[in-house]
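Colleague: fold the following and give me the result.
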Amino acid sequence: MAPLNRSGMHGLIPAACLLCCLAGAIVAGVSGARGASVAVVPLFGVYLVIARHRIARVGRVLLGVSFIAGILALANGVEGRIFVDAAGRVVFLSALLTAVAFLRIAATRDRVVEVAGEFLTLQPPTRRYASLGAGGHLFGVLLNLGGLGLMLEVIMKGLNAHRHEMDDFVYTLRKRRMVSACMRGFSSIALWTPFGIALNLMILTVPGLEWSLLAPYGMALAGVLFLLGWLFDTLEWWRPPSARGRAPPLTGDLPRWSRWAVLIFAGHVAVLGGCVILLDKAVPVTFQTVLICVVPVYAALWAYLRGGSGGLAATARQFVAQSPGYATEMSVIASAGFIGLVALEVVPVEWIADHLGWIAARPVLTVLLLVGSVFVTGLLGVHPMISVVLLAEVVTRVGVEGLSPLALGLALAGGWSSIICMGPAITAVVYASAIVGERPATIGLRWNGLFGIANIVLVALIVGGGVAAGLL
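Modeller: Below is the predicted model of the structure:
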């Protein structure tokens, strides 16, 4: 195994801290000993301190809010078990991101994945939305935010390679259309992927909600929203303003097997998902525990099959070198999970529930309020991880008659998916802006604003209608 360079050495301690968090979450999930999570929380703090210079502003703000929420909770005399539960959630979320990081490294080192992304990007305009929307969704399902980044990098690489063939007008239009298609496809992963934060957080929060129960409905709703995005793209670009004929189609030197690369990548999604589902049914531990056990093992197997022991060694070196760079993701996700749980003890949830008692007999209205609340608060900069936890707890305490865990989960996931590609302060939009070179408000509001509004209206109609008809 080749020695680490100096920059890689700087990642040894952060990488060790994250691996300890992963191990602590697995031990806690398998044995039920919550003390394992509490024991490794300080190591997560060490990771954040070491990688503090890599944390973006949004992460620092959320860490500050977490600190304030913790102080207020202590001042209010909150029971210690709440902090134990919060520690467990922080460790699990960091463990999930760590597991997915290994999967991301294994995928990005595979030439098949790169070719699949290039093949989707170089499709002609008539198939471009379908290919990029499907690519953003497929890559997002397996790699989460890293999948979105990978697709956007491939898009910008293809555009810039042909920059000399386009004037500024055509270049801007193509970038807008391709980036929007990718982000709209990515946004609907919140509705069903077992490898993402959204659904795992809702399963932890909503009593009685299971992935196997929600996933079929979530997939169907994601399909409907994909068609909505395709309709918007068709109407927006039915007559592109003065762009037609001003630049040749994008071309690339792809291998003959490039069309099979997409199927191979889709096969990885199916096989990994199937392994998680089968083990979830076969072993007496939670779905989340199975997930964080299976994903890194699958990533290691993928790396080994592609490069033998050298592939494993290269993956390990890359994880060590890149681990400090995960600081923003870790701080945002862990902070939001902590705030969402501790805030329940600071915010007057009981008082709110008492004053919302009138919704107890109005399940359809409750769905509309939930979807709209996640969407509006997301526009105001509140991460859905926080709003979803608070709203789910309030509704659970009110006890809305006729509102099943499935309907509650779909409403929250629908609101989450609708704001992902639109909110200027949402992590995915900020992340995309750094890659694409456009302001978050441009990508979120100007490029995807109308789609986001139509998305939220359609979600509200479908989920509300399903509850009204007794189907959910």
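
Colleague: check contacts around the residue nearest to Leu148 when sequence neighbours are not counted.
Modeller: With sequence-adjacent residues excluded and distances taken as CB to CB, 6 or more residues apart in numbering, Leu148 is closest to Phe186, at 4.8 Å. To be clear about C-beta, it is placed using only N, CA and C from the backbone, and glycine gets the same treatment. The neighbourhood of Phe186, defined by CB atoms under 8 Å, 6 or more residues apart in numbering, consists of Gly136, His137, Phe139, Gly140, Gly147, Leu148, Met151, Ile420, Cys421, Ala428.

Colleague: change it to 7 Å
Modeller: Phe186 makes contacts with Gly136, His137, Gly140, Leu148, Cys421, Ala428, as judged by CB atoms under 7 Å, 6 or more residues apart in numbering.

Colleague: measure the fifth one to Phe375 for me?
Modeller: Computed as CB to CB, to the nearest Å, the Cys421 to Phe375 distance reads 12 Å.

Colleague: ok, back up a step: keep only those of the contacts of Phe186 that are in helices.
Modeller: Cross-referencing the contacts of Phe186 with the helices (criterion: DSSP state H) gives Gly136, His137, Gly140, Leu148, Ala428 as the overlap.

Colleague: identify the residues contacting the spatially closest residue to the last one that is not a sequence neighbour.
Modeller: Okay, so that is Ala428. By the measure of CB to CB, 6+ apart, the closest residue to Ala428 outside its immediate chain neighbours is Ile420, 5.2 Å from it. When contacts are counted by CB under 7 Å, 6+ apart, Ile420 touches Ser187, Ala190, Ile426, Ala428.

Colleague: hmm, try it at 6 Å
Modeller: By CB atoms under 6 Å, 6 or more residues apart in numbering, the residues touching Ile420 are Ser187, Ile426, Ala428.

Colleague: measure the residue nearest to Leu148 to Gly372 for me?
Modeller: Using CB to CB, which is the criterion applied here, Phe186 is 22 Å from Gly372.

Colleague: repeat that for Ala36.
Modeller: Distance from Ala36 to Gly372, by CB to CB: 39 Å.

Colleague: do Thr289 as well
Modeller: In this view, Thr289 and Gly372 are 34 Å apart by CB to CB.

Colleague: which one's more surrounded, these two?
Modeller: Just comparing Thr289 and Gly372: by other CB atoms under 10 Å the higher neighbour count belongs to Thr289, 21 against 17.

Colleague: look up the closest residue to that one, ignoring the ones flanking it.
Modeller: Beyond its immediate neighbours in the sequence, the residue positioned closest to Thr289 (CB to CB, 6+ apart) is Gly29, lying 3.0 Å away.

Colleague: check contacts around the one you found.
Modeller: Counting by CB under 6 Å, 6+ apart, the residues that Gly29 touches are Val285, Thr286, Thr289.

Colleague: so how far is whichever strand or helix holds it from its chain's centroid?
Modeller: Taking DSSP states H and E as the definition, one finds Gly29 inside helix 12-31. Remark: helix 12-31 is offset 21 Å from the chain centroid, using CA atoms, centre = their mean, to the nearest Å.

Colleague: for stretch 76-92, same thing?
Modeller: Stretch 76-92 has its C-alpha centroid displaced from the chain centroid by 23 Å (CA atoms, centre = their mean).

Colleague: same check, this time on stretch 96-110
Modeller: For stretch 96-110 - counting by CA atoms, centre = their mean - the centre lies 14 Å from the chain centre.

Colleague: before we move on, the earlier item: gap between the residue nearest to Thr289 and Trp351?
Modeller: Distance, Gly29 to Trp351, by CB to CB: 34 Å.

Colleague: helices and strands around the longest helix along the chain, which ones?
Modeller: Secondary structure assigned by DSSP H gives helix 287-322 as the longest helix of the chain. For helix 287-322, the packing partners by 3 or more CB pairs under 6 Å, 6 or more residues apart in numbering; DSSP states H and E come out as helix 12-31, helix 80-108, helix 258-282.

Colleague: let's see that with 7 Å instead.
Modeller: Contact here means 3 or more CB pairs under 7 Å, 6 or more residues apart in numbering; DSSP states H and E; on that basis helix 287-322 packs against helix 6-9, helix 12-31, helix 80-108, helix 258-282.

Colleague: give me the angle between it and helix 12-31.
Modeller: With axes from the mean of the first three to the mean of the last three CA atoms, to 10 degrees as the criterion, the two stretches helix 287-322 and helix 12-31 enclose an angle of 170 degrees.

Colleague: burial count for Ala266?
Modeller: Burial of Ala266 is recorded as 15 neighbouring residues (other CB under 10 Å).

Colleague: repeat that for Leu305.
Modeller: Summarising burial for Leu305: neighbours were counted as other CB under 10 Å, giving 11.

Colleague: separation between the nearest residue to it once chain neighbours are set aside and Ala116?
Modeller: Take Leu305 and drop its neighbours on the chain: the residue closest to it by CB to CB, 6+ apart is Gly311, 7.8 Å away. Distance, Gly311 to Ala116, using CB to CB: 19 Å.

Colleague: look at these two and report which has more neighbours.
Modeller: When Gly311 and Ala116 are compared for neighbours, Ala116 comes out ahead with 28 against 18, by other CB under 10 Å.

Colleague: which residues touch that one?
Modeller: Contact criterion CB under 7 Å, 6+ apart gives Ala261, Val262, Phe265 as the residues in contact with Ala116.

Colleague: find the nearest non-adjacent residue to it, please.
Modeller: Closest residue in space to Ala116, ignoring its immediate chain neighbours: Ala261 at 3.9 Å, by CB to CB, 6+ apart.

Colleague: and for Ala300?
Modeller: With CB to CB, 6+ apart, the residue lying closest to Ala300 is Leu312, at 6.2 Å.

Colleague: please look at that neighbour and Trp302 and confirm they touch.
Modeller: No: with the criterion set as CB atoms under 7 Å, Leu312 and Trp302 do not qualify as a contacting pair; they are 10.0 Å apart.

Colleague: between those two, which is the more surrounded one?
Modeller: Higher neighbour count among Leu312 and Trp302: Trp302, with 22 against 18, using other CB under 10 Å.

Colleague: which pLDDT value goes with that one?
Modeller: Confidence at Trp302, expressed as pLDDT, is 92.

Colleague: any low-confidence regions in this structure?
Modeller: Filtered on pLDDT under 70, the chain yields the residue ranges 1-9, 239-252, 349.

Colleague: mind doing that once more with 50?
Modeller: When the per-residue scores of the chain are filtered using pLDDT under 50, the ranges that remain are 1-2, 5-7, 243-245.
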